[in-house]
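Trainee: fold the stuff below for me.
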Amino acid sequence: MLDVAVIEEPAAAAASLDPMRARLLAALAEPASAAMLAARLGMPRQKVNYHVKELERHGLVVLAEERRKGNVTERVYRATAASYVISPVALAAVSPDPARSPDQLSARWLLALGARMVQEVGTLLTGAARARQRVASFGIDARVRFASAADRAAFADELSRAVTDLVGRYHDESAPQGREHRLIVGLHQIPTTPAPADQPPAQEN
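Mentor: Next up, the predicted model:
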């Protein structure tokens, strides 16, 4: 089972978003038959079997094993991954385009960059899975607490200059065997628990 699988097909995305099928998908992190799921979730076996078959049809669950019980064969299924991400490819006609309005200070542009990253890395993972290969990748995750908006702006400026310098030093347009990579550095406030309705939001420094 994969840690994360990327859903690119619109029909598969729709299947995963159906509340009942999403519930069954989560339950199938542990292999189970339709009868086992029905008993565990308190649902009719025929309904469970129908929805599991639909999840299998879209490649979200697979047959793990078949068990013979007398004259009956019990089919045991499992989810293909522990968690799923829906790629913007599934909504190709309305997926965000970072090139449409690039603005380093725009949260929506940052979201568009993230969506593009999900799309591109998802495509790489799908191709690598078919070829039974790994995707070469690298990520940094850090938390920064700024004392003021001025500090945040200074940090963004210094980070921008540092990245520009690194890209300038290592980018080689003429390398015959070179492979293009995309670098994204994102900085955003970590969401907190929403304040009560009668409490005003915190003011930005």
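Trainee: in the chain, where is pLDDT below threshold?
Mentor: 193-205 (pLDDT under 70).
Trainee: can you map out the strands along it?
Mentor: 2-7, 32-33, 61-69, 72-79, 81-86 (DSSP state E).
Trainee: can you list the buried residues in the first one?
Mentor: Translated: strand 2-7. 5-7 (16 or more other Cβ atoms under 10 Å). Yep, even glycine has a C-beta here, placed from its N, CA and C like the rest.
Trainee: equivalent analysis for the longest one, please.
Mentor: Judged by neighbour count using 16+ other Cβ under 10 Å, the buried positions of strand 61-69 are 61, 64.
Trainee: what angle do that strand and strand 72-79 make?
Mentor: In terms of direction (axes from the mean of the first three to the mean of the last three Cα atoms, to 10 degrees), strand 61-69 departs from strand 72-79 by 150 degrees.
Trainee: so what strands line up beside strand 61-69?
Mentor: strand 72-79 (antiparallel) (DSSP bridges).
Trainee: neighbouring contacts of the strand it pairs with?
Mentor: For strand 72-79, the surrounding residues in contact (Cβ atoms under 8 Å, 6 or more residues apart in numbering) are 1, 25-26, 28-36, 52, 55-56, 60-68.
Trainee: so how far is that strand off the chain centroid?
Mentor: Centroid separation for strand 72-79 versus its chain: 27 Å, with Cα atoms, centre = their mean, to the nearest Å.
Trainee: kindly report the same for stretch 38-49.
Mentor: 28 Å.
Trainee: domains in the chain, by residue range?
Mentor: Listed domain ranges for the chain are 2-84, 99-170 (source: automatic domain parsing).
Trainee: okay, the ones you listed, which one's buried deepest?
Mentor: Scoring these by mean neighbour count under mean count of other Cβ atoms under 10 Å gives domain 2-84 as the most buried, with a mean of 15.
Trainee: a markdown table for the buried residues of strand 2-7, including distance to residue 123?
Mentor: Shown next, in a markdown table, are those (distance: Cβ to Cβ, whole Å):
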| residue | distance to residue 123 |
| --- | --- |
| 5 | 13 |
| 6 | 8 |
| 7 | 12 |
